[in-house]
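Colleague: structure, please.
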Amino acid sequence: MKITEVRIFPKDEQKLKAYAAITFDDVFVIHNLRIVKGEKGLMVCMPSRKMQDGSFKDIAHPITNDFRHELEKKVLEVYEDKIKGA
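Modeller: Residues are numbered from 1 along each chain as shown. You can find the predicted model right below:
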């Protein structure tokens, strides 16, 4: 499965820097990934749902660490390009 498009929607908030939508093989899209500023820099958070107990659970996420790193790298590259061009 290949990442064929990443769209970035910048936000001007202290921690939330942007939302992202990522498309795979031009046929499947996941919306509402978040780019947030953490203690160690920028990170990509998967879309999640608030549970009845107040916790949050990811509703879509990579299964392997290798794919998670690939996805994060691509999303952050597109984010940096978008910010530089803005």
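Colleague: quick one: the helices in this structure, in order.
Modeller: 65-85 (DSSP state H).
Colleague: partner residues bridging the most centrally placed residue in it?
Modeller: Among the residues of the chain, the one closest to the centroid is Leu33, at 3.5 Å (Cα atoms, centre = their mean). Beta-bridge partners recorded for Leu33 (DSSP bridges): Ala20.
Colleague: show me what contacts it?
Modeller: Tyr19, Ala20, Ala21, Ile22, Val44, Cys45, Met46, Pro47, Val75 (Cβ atoms under 8 Å, 6 or more residues apart in numbering). Where you see a C-beta, it was placed from the backbone N, CA and C, and this is true even at glycine.
Colleague: mind doing that once more with 10 Å?
Modeller: Counting by Cβ atoms under 10 Å, 6 or more residues apart in numbering, Leu33 makes contact with 6, 8, 18-22, 44-47, 60-61, 71-72, 75.
Colleague: and for Met46?
Modeller: Counted by Cβ under 10 Å, 6+ apart, Met46 has contacts 30, 32-34, 56-62, 68, 71.
Colleague: pLDDT below threshold where in this protein?
Modeller: 86 (pLDDT under 70).
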